[in-house]
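Enquirer: below are the sequence and a predicted model for it; my questions follow.
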Amino acid sequence: GINAEYGESYNVTMSVRQRYSQEEAEAFTAHINAILGGDPSLSKLIPIKEPSHLFAACKDGRLLCKLIASVSPEFDTRVINMKDGLTQFPAYENLNLAINSAKSIGCVVVNIGAEDIWNESEHLILGLVWQVIRVGLLAEINLKSHPELYRLLEPGEDIKTFLNLPPEKILLRWVNHHLKNAGSDKRIHNFGGDIKDSEAYTILLNQLAPSKCDTHALKEPDHNKRAEQVFNNARKIDCAKFIKPRDIVAGNPKLNMAFVANLFNTLPGLEVLEEAELANLDFPETGSREARAFQLWINSLGLDPYVHNIFDDLRDGLVLLKVIDKINPGTVNWKRVNTNSPMHRIKQVENGNYAVEIGKELKFSLVGIGGVDIADGNETLTLALVWQLMRHHVLTVLKEVGGGAPVSEQQMIKWSNDLVQSSGKTTKMTGFKDPSLKTSQFFLDLVDAIRKGFVDWSLVHDPADDVNKCMDNAKLVINLSRKLGATIFLLPEDICEGKDKMILTFVGSLMAVGRKEGK
């Protein structure tokens, strides 16, 4: 499963109807009603009157797709099947689109498929809804969106270290910053037990809005009454979202994290940086698009821990070995692996060396890469290894889907060309670096050949003779592919700029879906 801090484990036997949190269903329903309430195309579904109706409202995928679209600019709402009263097949298309899009924004969606949502499996739907809401809440909690977070750096701390902090950790630090400024000794280290007594919240709200939020609650010995006062103060500044007093006292970590994130997004209460300070603020480039895609791919495998930064989180070699074991079960001899935490650098290097050794056995090209480079977080060399793991995974999946015979890159190209040709189209690809792929025309033809009539050609730019038209076609074909059932992590820019590695993974995912459909 995954680290409890970032969502529950999804390794669930589907025969067991697990209980779900009534409080969370209530909070998420209210949030969905607020976010999607103005969407006329959902007028039959929203507002959701009772929290228990949430699951039926998610059943045909329309609401889930719109919720994901509200937090992901990559989502193309034109491809959702939006009719009321959808039957199972078009609903499953929407649900595939929702699940594969959720993976592409960093949600961990391991043991959940279209049928679970169609069958209204409550705790799985709630787990997915929470992860999508969480992505939206945390999207702006970073230095790029809020340079004033620079004020939270600790003495002597490197800005790069701060940039690599997960947003939850930044939020905790933000709360503690305000507690310190208030002269309080109170500090919180989680959104559960540490906030139950309402002390931190009382002080925080008073710091953010001193004229509206008092600290009378601190004199109240009863925790329930204290929480009521916090809730009333939050109401005065229109921030009583996600929690009720009972959720504070119970220390529900999801709802309290959501409450604090919404509070930060509404009222950060940090002094804006002056021009001179901004000029000194050097943002190191936080990872390439390629690094982002690789990170999403690793997280889609459902390993523990969740990877936030592909260079830092892979240093001890452990995640790499878990990835290898996942995509090639049985290759890792766990007796040889160091798993102690914290891990000494020498042990980290040993793990890295072992990962490289297995890579060489898998015929990867790893000249000049050693465990030291992984332990140092060397970006180029780490990416070189991870890319070859991802490519190996694509080819392994194709081998499994195709009945066990190995598949080469040449066969992927031939399969794609043959299928497009057999559907009566004339586009073709010479290879993954073929510049004609930038218009997405070939990919649209390929998707339409996998499922006849799948592409609405009135949405396609032909010719795609400028960058914006290419981007629009790429966005369309990526979303259509997810709707077909493909798990893909590339961005429209990757197609338009002809990034051959990303294009290889894209064609591989389409071929896997095509083969499942008997093509």
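Expert: Thanks, I have the structure now.
Enquirer: got the phi and psi for residue 407?
Expert: Note on residue 407: backbone dihedrals following degrees, to the nearest 10 are phi -120, psi 130.
Enquirer: pLDDT score for it?
Expert: Residue 407 is assigned a pLDDT of 95 by the prediction.
Enquirer: which one is it nearest to, not counting chain neighbours?
Expert: Of all residues not flanking residue 407 in the chain, residue 398 sits nearest, at 4.1 Å (C-beta to C-beta, 6 or more residues apart in numbering). Quick note: C-beta positions are derived from backbone N, CA and C, even for glycine.
Enquirer: helix, strand or coil: sort out the one you found for me.
Expert: helix (DSSP: H, G, I helix; E, B strand; the rest coil).
Enquirer: quick one: pLDDT of the closest residue to residue 303 other than its chain neighbours?
Expert: Nearest residue to residue 303, sequence neighbours excluded (C-beta to C-beta, 6+ apart): residue 322, at 4.8 Å. On pLDDT, residue 322 comes in at 97.
Enquirer: can you report how many residues lie near residue 322?
Expert: 19 (other C-beta atoms under 10 Å).
Enquirer: wait, the residue nearest to residue 407 touches residue 508, no?
Expert: Yes - judged on C-beta atoms under 8 Å, residue 398 makes contact with residue 508 at a distance of 6.1 Å.
Enquirer: give me the phi and psi angles of the one residue sitting closest to the centre of the chain.
Expert: With distances taken as C-alpha atoms, centre = their mean, residue 106 lies nearest the centre of the chain, 1.1 Å away. Here is the backbone geometry of residue 106 (degrees, to the nearest 10): phi 100, psi 10.
Enquirer: what about the helices in the stretch 51-200 of the chain?
Expert: Assigned by DSSP state H, counting those that start in this stretch, the helices in the stretch 51-200 of the chain fall at 54-58, 62-69, 88-104, 114-118, 122-138, 159-163, 167-181, 199-208.
Enquirer: what's the fifth one packed up against?
Expert: If I follow you right, that is helix 122-138. helix 22-36, helix 54-58, helix 62-69, helix 88-104, helix 114-118, helix 253-266 (3 or more C-beta pairs under 8 Å, 6 or more residues apart in numbering; DSSP states H and E).
Enquirer: run the chain-centre distance for the longest one.
Expert: This points to helix 88-104. 15 Å (C-alpha atoms, centre = their mean, to the nearest Å).
Enquirer: then the first one?
Expert: Its chain's C-alpha centre and that of helix 22-36 lie 20 Å apart, by C-alpha atoms, centre = their mean.
Enquirer: would you mark the buried spots in that helix?
Expert: Within helix 22-36, the residues that count as buried by 16 or more other C-beta atoms under 10 Å are 23, 24, 25, 26, 27, 28, 29, 31, 32, 35, 36.
Enquirer: skipping adjacent residues, who's closest to the first one in space?
Expert: The spatial neighbour of residue 23 that comes closest, neighbours along the chain excluded (C-beta to C-beta, 6+ apart), is residue 247 at 5.6 Å.
Enquirer: tell me if I'm right that that neighbour and residue 253 touch.
Expert: No - taking contacts as C-beta under 8 Å, residue 247 lies outside contact range of residue 253: 9.9 Å.
Enquirer: out of these two, which sits in the busier spot?
Expert: The neighbour comparison of residue 247 against residue 253 (other C-beta under 10 Å) goes to residue 247, with 25 against 18.
Enquirer: so that one versus residue 164, what's the distance?
Expert: Computed as C-beta to C-beta, to the nearest Å, the residue 247 to residue 164 distance reads 30 Å.
Enquirer: ranges for the helices of the stretch 301-450 of the chain?
Expert: 318-327, 345-361, 371-375, 379-401, 409-422, 441-450.
Enquirer: now tabulate those helices in TSV and tack on distance to residue 223.
Expert: As requested, these are exported to TSV (distance: least, C-beta to C-beta, whole Å):
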stretch	distance to residue 223
helix 318-327	40
helix 345-361	44
helix 371-375	46
helix 379-401	47
helix 409-422	61
helix 441-450	56
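Enquirer: which one of those helices is the most hemmed in?
Expert: helix 441-450 (a mean of 24; mean count of other C-beta atoms under 10 Å).
Enquirer: roughly how far is that helix from the heart of the chain?
Expert: On C-alpha atoms, centre = their mean, the centre of helix 441-450 falls 27 Å from the chain's centre.
Enquirer: after it comes which helix or strand?
Expert: helix 467-484 (DSSP states H and E).
Enquirer: dihedrals phi and psi, the nearest residue to residue 84 once chain neighbours are set aside?
Expert: Closest residue to residue 84 apart from its sequence neighbours, by C-beta to C-beta, 6+ apart: residue 44 at 5.4 Å. With angles defined as degrees, to the nearest 10, residue 44 sits at phi -80, psi -20.
Enquirer: wait, residue 44 touches residue 86, no?
Expert: No - applying C-beta under 8 Å, one finds residue 44 not in contact with residue 86, separated by 11.4 Å.
Enquirer: those two: who's more crowded?
Expert: More neighbours surround residue 86 than the other of residue 44 and residue 86, with 17 against 9 (other C-beta under 10 Å).
Enquirer: thought residue 94 was touching that one, still the case?
Expert: Yes - Residue 86 is within contact range of residue 94, at 7.3 Å (criterion: C-beta under 8 Å).
Enquirer: where do the contact lists of the two overlap?
Expert: 60, 61, 62 (C-beta atoms under 8 Å, 6 or more residues apart in numbering).
Enquirer: now tabulate the residues you listed in JSON lines and tack on pLDDT and neighbour count.
Expert: Formatted as JSON lines, the shared contacts of residue 86 and residue 94 follow (pLDDT from 0 to 100; neighbours: other C-beta atoms under 10 Å):
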{"residue": "60", "pLDDT": "98", "neighbour count": "27"}
{"residue": "61", "pLDDT": "98", "neighbour count": "25"}
{"residue": "62", "pLDDT": "98", "neighbour count": "27"}
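Enquirer: out of the helices of the stretch 301-450 of the chain, which is closest to residue 433?
Expert: helix 409-422 (11.0 Å; C-beta to C-beta).
Enquirer: specify the angle between that closest one and helix 441-450 in degrees.
Expert: Inter-element angle recorded for helix 409-422 and helix 441-450: 70 degrees (by axes from the mean of the first three to the mean of the last three C-alpha atoms, to 10 degrees).
Enquirer: quick one: distance of helix 409-422 to the chain centre.
Expert: On C-alpha atoms, centre = their mean, the centre of helix 409-422 falls 31 Å from that of its chain.
Enquirer: repeat for stretch 180-189
Expert: Per C-alpha atoms, centre = their mean, the centroid offset for stretch 180-189 relative to its chain is 32 Å.
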